[in-house]
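Enquirer: The sequence and its predicted three-dimensional model are supplied below.
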Amino acid sequence: MSSSLEGRGQGGGCLNYFKIAFILIVNIILCSSAWAFEIEADVNVKGMLADIEGNEAKFNEYRDVGDGLYGNFHLLYDSDYFFNFNAADIAYDTQRYRGDGGKWGSFKFYLDYYEIPHNITFGGRSFYSGTGTDNLTYTVHPPRTDIRTWSTFDYSTERKSYGAGIGLDMLKPLFFDVSISREEKDGIYPMGVAGTSPGGIAIELPEPVNFTTDTLKMEAGYVKNPLFLSLTFFLSDFDNDNNNLNFRNPATADTASTTDVLTLSPDNNYYKLSFRGGVKLPLNSKFNLNLAASRTTSEVKLLDFFVDDVPGGRVPITLSDKTFDGKIDTRNYAFVLTSNPVPFLNGKVYYKYYKRHNKSDEITTIAEDESLTNSLFGYKKDDYGGELGFRLPASLYLITGYNHVRKERNREDVPLNKDDIYSVDLKWSGLDFMNLKIGYEKLHRTAEFHAPDVPPDDPEFINTFVRRFDVATKDRDTYGASVDISPTENLNFSAGYKNKDTDYKDVVLGLREVRGDEFNIDADYSFGKLGKITAYYDYEKMRYYQFQRQLPFNATSGFDPSTPPTPTAFNWDAKQKDKSYDYGFGADIYVLPGTLTLKLQHDYVRSNGDVDLTYHLGDNPLPTGRTQDNSDLSNWDDYRLRTYMIKAIYDMTKKLSLSAGYVYEKFTYSDAQLDGYQFVPATTGTNGAFLTGAYKDQSYKANIVFITVAYKF
């Protein structure tokens, strides 16, 4: 299926304003400049035909490749005044325009505009009407399961950004910069919710996206040796046109219209004031500091109900306050002292402080005789350390480092972490054409856990043994080595290896070990006037070991480690492997040196993952039809991407060139979560869901032919 230009080039209004501003700026500069000036310009126009089979949204996830014409343009004017203008992907959803200029030593400015698409799924389906709005409804209850009767839409968002800025240098050593920008994001994004609370069937909703973010940045400073000072103010305002998504909930038994509500991203304001400074000191030293304070605020109207499968569909909630006022203050300070007092020694010491103070409202919620008050998460981090570098005999350079990080959190389970990180790197440059490097880093983390003070027969007692891996005690060892060789001007070769092993301590549920290996090679060789070849290879293997050591419940003693496993209280292990590698090679063949060049390129990326699951049921058998082998997952985020490109470039003159080429791209994806996709796997039960096709059928194949004409003025 060929893509078309329909729907592209939506930034036309902004583009017209940009053209007017561009013409005015050029005329001002030309009328104000001296007669001696230089103008350079180049333009190219590309014609393209694209035949895409399969998932066109995945192929064009962050780009816009399709049938049609598009081009690039560049203009450079240089005199007492200067101006540089670039336009790329004109008329496509990835179009970019930037103009910057000014007067040397006096002032400078810029104007820019760009678009970025994010295409997720084309041809999504939903039994709801009103997709793209904040009100989703349907007429027949329960919803029809025949997807041929559902409406279609695209999961896609487009981001447009406008910006402008000016800087004044005429008051040296003082300077002043100010810039403003607006970012607009529009489209539809997939959102998953539970049908009832708690649990229930899953419902996939098309969430409307209508975001606007306005920013202002002002900076003033002083620059004169040996001092640098800068004061910056940053202001951001985020606005969401849809604060709530109203939808009729098919999980309720009520045949009447039971409307549920999903809260969306709230409007918020953010400002930050920061000060940076630096001063050069004796003994070839320098001191830098960075001080900043910021505040984020928001206001949200809270819902006074939740939906469940009860008559009427809604369960009321009592709130201590129906409006939530969010306020988060942050403070961060950084101080760095570097010194190179003697040629064979240099060093650095630093201290960094960060604090996130959550001053938001604490709201008490009462529903069905249960009370809950939201916890306010905040934390502070102290980070200090240093490095010493030694120039040793035999062209050796040794770098040693130490870093200590202390994190204190407002969390009941793990309030405190302490990290000690030691590192050493050794470099050798004894030969002009070779550099060698080896390194080692050790991280040791301790954690302070707070377990709930409850008796063993309380279900909360299990939290005494749960250790989340993100804050758990751990040790990590990292080894690395690399070599860079350039024996001749025509040959360059580099290779590197890294091994990273992480062990999580005291983990009863979840991630316990991570093992990783990385290897890469890059090489290029030039045949003089004949051509050039390049090649690379990257390999990565990751191994994750997860397990659950569940403590079966004993009616007498509560959670008892001595109680044997049962079919409903058992242990399991999961060994996950992810292997990925990519390689590529290319060649530039100078068929007619200086006139005709042939470019060839091939790239291949593959990822292969699997999960080996093992269940420990003691003397109890696995369910009928299940074995330890057929419970494994062989397709875990598996994909392959092949790309071939051939391109011929013919330089007719020094100013005019022609090029033509062909690109073939094929992407194949398989994953246990998406293979055998069903829009409605079931309307009830633990597997019940109403889906919309988000991320369905990711594979595609594309053939692209293009011709480009480029001219330099």
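Expert: Sure thing, it's come through. Residues are numbered from 1 along each chain as shown.

Enquirer: Low-confidence stretches in the stretch 1-150 of the chain?
Expert: In the predicted model of the stretch 1-150 of the chain, residues 1-37 satisfy pLDDT under 70.

Enquirer: Count the neighbours of the residue lying closest to residue 603 once chain neighbours are set aside for me.
Expert: Leaving aside its chain neighbours, residue 603 sits nearest to residue 584 (3.9 Å; criterion: C-beta to C-beta, 6 or more residues apart in numbering). Just so you know, the C-beta spots here come from the backbone N, C-alpha and C atoms, and that holds for glycine as well. As a burial measure, residue 584 scores 15 neighbours (other C-beta atoms under 10 Å).

Enquirer: I'd say residue 584 and residue 536 touch.
Expert: Yes - assessed by C-beta atoms under 8 Å, residue 584 is found in contact with residue 536 at 5.5 Å.

Enquirer: before we move on, the earlier item: could you check the distance from the residue nearest to residue 603 over to residue 158?
Expert: With distances taken as C-beta to C-beta, to the nearest Å, residue 584 is found 31 Å from residue 158.

Enquirer: count of neighbours near residue 131?
Expert: Around residue 131 sit 21 other residues, with neighbours defined as other C-beta under 10 Å.

Enquirer: now it, what's its secondary structure?
Expert: Following DSSP: H, G, I helix; E, B strand; the rest coil, the label given to residue 131 is coil.

Enquirer: repeat for the one 10 residues further on
Expert: Per three-state DSSP, the local secondary structure of residue 141 is coil.

Enquirer: Quick check: residue 223 is in a strand.
Expert: Yes - counting by three-state DSSP, residue 223 is part of a strand.

Enquirer: could you measure it against residue 276, distance?
Expert: Residue 223 is 11 Å from residue 276, by C-beta to C-beta.

Enquirer: which neighbours do these two share?
Expert: By C-beta atoms under 8 Å, 6 or more residues apart in numbering, residue 223 and residue 276 have these common neighbours: residue 229.

Enquirer: ok, those two, which is more surrounded?
Expert: More crowded of residue 223 and residue 276, by other C-beta under 10 Å: residue 276, with 17 against 14.

Enquirer: And that one, how far from residue 347?
Expert: For residue 276, the distance to residue 347 equals 22 Å [C-beta to C-beta].

Enquirer: what bits of the stretch 151-300 of the chain have low per-residue confidence?
Expert: 198, 253-257.

Enquirer: again, only using 90
Expert: Applying pLDDT under 90 to the stretch 151-300 of the chain flags the ranges 169-171, 194-201, 249-260.

Enquirer: where along the stretch 551-700 of the chain do the strands fall?
Expert: Under the criterion DSSP state E, counting those that start in this stretch, strands of the stretch 551-700 of the chain are mapped to 553-554, 558-559, 571-592, 596-616, 638-651, 656-670, 689-690, 700-712.

Enquirer: For the fourth one, enumerate the helices and strands it packs against.
Expert: Judged by 3 or more C-beta pairs under 8 Å, 6 or more residues apart in numbering; DSSP states H and E, strand 596-616 is in contact with strand 571-592, strand 638-651.

Enquirer: Of these, which is nearest residue 129?
Expert: strand 638-651 (35.0 Å; C-beta to C-beta).

Enquirer: what's the closest one in contact with?
Expert: Applying C-beta under 8 Å, 6+ apart, the set of residues contacting strand 638-651 from outside is 594-609, 657-671, 698.

Enquirer: are any of those buried, and which?
Expert: Neighbour-count burial (16 or more other C-beta atoms under 10 Å) applied to the contacts of strand 638-651 gives 597-599, 601-603, 605, 607-609, 657, 659, 661, 663, 665-667, 669-670, 698.

Enquirer: hmm, back to that, format the strands of the stretch 551-700 of the chain as CSV; extra columns: distance to residue 134 and mean pLDDT.
Expert: Formatted as CSV, the strands of the stretch 551-700 of the chain follow (distance: least, C-beta to C-beta, whole Å; pLDDT from 0 to 100):
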stretch, distance to residue 134, mean pLDDT
strand 553-554, 45, 52
strand 558-559, 46, 52
strand 571-592, 39, 94
strand 596-616, 38, 95
strand 638-651, 35, 97
strand 656-670, 32, 97
strand 689-690, 19, 94
strand 700-712, 32, 96
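
Enquirer: Can you say which of those is nearest to residue 192?
Expert: Checking the strands of the stretch 551-700 of the chain against residue 192 by C-beta to C-beta gives strand 689-690 as the closest, at 8.8 Å.

Enquirer: List the buried residues for the helix or strand containing residue 217?
Expert: In this structure, residue 217 sits in strand 202-224 according to DSSP states H and E. Neighbour-count burial for strand 202-224 flags 202-211, 213, 215, 217, 219-221 (criterion: 16+ other C-beta under 10 Å).

Enquirer: Check which helices and strands it sits against.
Expert: Secondary-structure packing of strand 202-224 (3+ C-beta pairs under 8 Å, 6+ apart): strand 151-168, strand 174-194, strand 227-240, strand 244-248, strand 689-690.

Enquirer: Can you list the strands that the first one pairs with?
Expert: In the sheet containing strand 151-168, the strands it pairs with under DSSP bridges are strand 107-126 (antiparallel), strand 174-194 (antiparallel).

Enquirer: Throw those into JSON lines and include distance to residue 479 and mean neighbour count, thanks.
Expert: Shown next, in JSON lines, are these (distance: least, C-beta to C-beta, whole Å; neighbours: other C-beta atoms under 10 Å):
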{"stretch": "strand 107-126", "distance to residue 479": "38", "mean neighbour count": "19"}
{"stretch": "strand 174-194", "distance to residue 479": "41", "mean neighbour count": "17"}
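
Enquirer: and stretch 368-376, what's its mean pLDDT?
Expert: Taken as a whole, stretch 368-376 has an average pLDDT of 87.

Enquirer: No more questions from me, cheers.
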